[in-house]
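>>> Requesting a structural model of the entry that follows:
(one chain, ligands or ions: 2)
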Amino acid sequence: MIDMANSQDQQPKIPIFDLSTKNLNNPSSSSDSSWVEACKNVQHALEEYGFFIAKYDDVSPELDGQVFDVVQELFDLPLERKTKNTSDLVFYGYVGQLPHAPLHESMGIPEVTTVDAVQSFTNLMWPSGNKTFCESIQVYAKLVSELEQMVDRMVFESYGAQKHYESHIGATTYLLRTIKYSVPDDINMNMGTNVHTDKSFLSILHQNQVNGLEIQLRNGDWFAVDVPPASFIVMAGDAYEAWSNGRIYASKHKVIMKGDKPRYCLALFSFNHGITVIPEELVDSDHPLQFNPFDNFGLARFYLTAVTQMTESTAKAYCGA
Ligand SMILES: O=C(O)CCC(=O)C(=O)O
Ligand SMILES: [Fe+2]
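Ligands and ions are numbered 1, 2, ... in the order given. Okay, here's the model as predicted:
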């Protein structure tokens with residue numbers, strides 16, 4: 001841990017970890033005490049707050065600038081082009097022009113860590129090609145998925161469940177959602193994203209230095225995150241809550257637009273294919289099994305098609321034991 005995020009007086013101090021490859025001291029040795037401590041800190045942050053802030057300088061300042069430039073270019077395309085981003089899963093395709101969320105526009109690139117997926121998304125948006133978009137998104141997605149896998153590894157090791165790590169990563173697929181939040185005309189209409197929990201294992205959020213993300217803490221208080229420049233929010237979703245047998249906290253969060261600058265966010269979500277089983281290492285007499293084996297995409301569909309209001313925990317409602 002290198003620092004604590006800026007926060008108001010009574011607010012908790014959200015940890016900031018430097019997870020840059022060069023900073024992680026020989027992570028192949030699980031007996032290294034600084035590595036073990038780093039893993040415990042990550043586990044604790046996800047259990048206590050449901051998120052933390054990561055420094056990750058594998059994404060260089062040049063790449064950082066470039067991805068926000070190309071994402072802005074993407075949202076500047078005509079609407080009829082953007083709506084070509086369709087998907088049978090609602091949250092995977094173009095979202096925008098919503099009466100209840102007029103500031104929000106987003107597009108999804110499924111399987112973003114495969115070269116073909118980014119290429120075909122690029123061709124759909126720019127039939128005559130856009131090499132800069134394609135290449136910078138490919139490189140960005142690869143680097144940030146490596147950050148995601150590092151956090152998974154730390155969590156799995158910390159819980160003594162490392163023997164399940166390889167099969168977990170083998171089942172993981174990444175969705176990159178690019179999001180634009182416009183500046184509100186009316187200060188009372190400032191909602192960018194409504195209150196929700198993510199359906200992913202992890203969500204890695206990266207913004208263009210315009211704040212807006214608010215997270216509900218375990219005690220019910222809302223916390224407006226002041227994200228330091230060039231850093232990433234690592235947030236746990238419902239799938240991690242279930243996998244961890246209820247230890248990890250999937251926080252409710254929302255986006256509120258306050259300033260006079262549009263906000264762009266790159267959100268990388270990890271989902272698992274197939275059936276996820278709660279590791280036996282996380283079940284004992286003090287922690288009886290709380291969740292049945294579950295289908296991560298089934299969980300996402302369940303949430304989206306639920307006719308009722310979201311219950312306290314989507315994971316409990318979907319696959320609670
Ligand atoms: O824009 C953000 O910071 C968060 C977006 C979000 O919560 C989501 O897309 O699930
Ligand atoms: Fe979210």
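>>> and residue 261, helix, strand or coil?
Put simply, residue 261 is coil when judged by DSSP: H, G, I helix; E, B strand; the rest coil.
>>> which residues does it contact?
183, 210 (C-beta atoms under 8 Å, 6 or more residues apart in numbering). Just so you know, the C-beta spots here come from the backbone N, C-alpha and C atoms, and that holds for glycine as well.
>>> try 10 Å
181, 183, 208-210 (C-beta atoms under 10 Å, 6 or more residues apart in numbering).
>>> same deal with residue 189?
Shown in contact with residue 189 (C-beta under 10 Å, 6+ apart): 100-103, 257.
>>> how about a cut-off of 7 Å?
Counting by C-beta atoms under 7 Å, 6 or more residues apart in numbering, residue 189 touches residue 102.
>>> any idea of the pLDDT on it?
Note for residue 189: predicted pLDDT of 87.
>>> roughly how far apart are it and residue 82?
22 Å (C-beta to C-beta, to the nearest Å).
>>> try residue 139
23 Å.
>>> The two - which one has more neighbours?
Set side by side, residue 139 and residue 82 show more neighbours around residue 82, with 20 against 16, by other C-beta atoms under 10 Å.
>>> From what I see, the more buried one and residue 108 are in contact.
No - with contact defined as C-beta atoms under 7 Å, residue 82 does not reach residue 108; the gap is 11.3 Å.
>>> which residues in the stretch 151-300 of the chain form helices?
Using DSSP state H, counting those that start in this stretch, the helices of the stretch 151-300 of the chain run over residues 165-171, 238-243, 296-305.
>>> Could I get the buried residue list for the first one?
Okay, so that is helix 165-171. 168-169 (16 or more other C-beta atoms under 10 Å).
>>> by contact count, what packs against it?
Using 3 or more C-beta pairs under 7 Å, 6 or more residues apart in numbering; DSSP states H and E as the contact criterion, the elements in contact with helix 165-171 are helix 131-158.
>>> Report the distance from the helix it packs on to the chain centre.
11 Å (C-alpha atoms, centre = their mean, to the nearest Å).
>>> for that helix, what is the average pLDDT?
In the prediction, helix 131-158 has an average pLDDT of 98.
>>> I'd like to know how many residues surround residue 148.
As a measure of burial, residue 148 has 24 neighbours, counting by other C-beta under 10 Å.
>>> what residues are up against it?
By C-beta under 7 Å, 6+ apart, the contact list for residue 148 reads 202, 204, 268, 270.
>>> ok, the last one to residue 305 distance?
Which is residue 270. 22 Å.
>>> These two: which is more packed in?
residue 270 (27 against 8).
>>> Can you tell me, leaving aside adjacent residues, what's nearest to the more buried one?
What sits nearest to residue 270 in space, not counting adjacent residues and going by C-beta to C-beta, 6 or more residues apart in numbering, is residue 201, at 4.6 Å.
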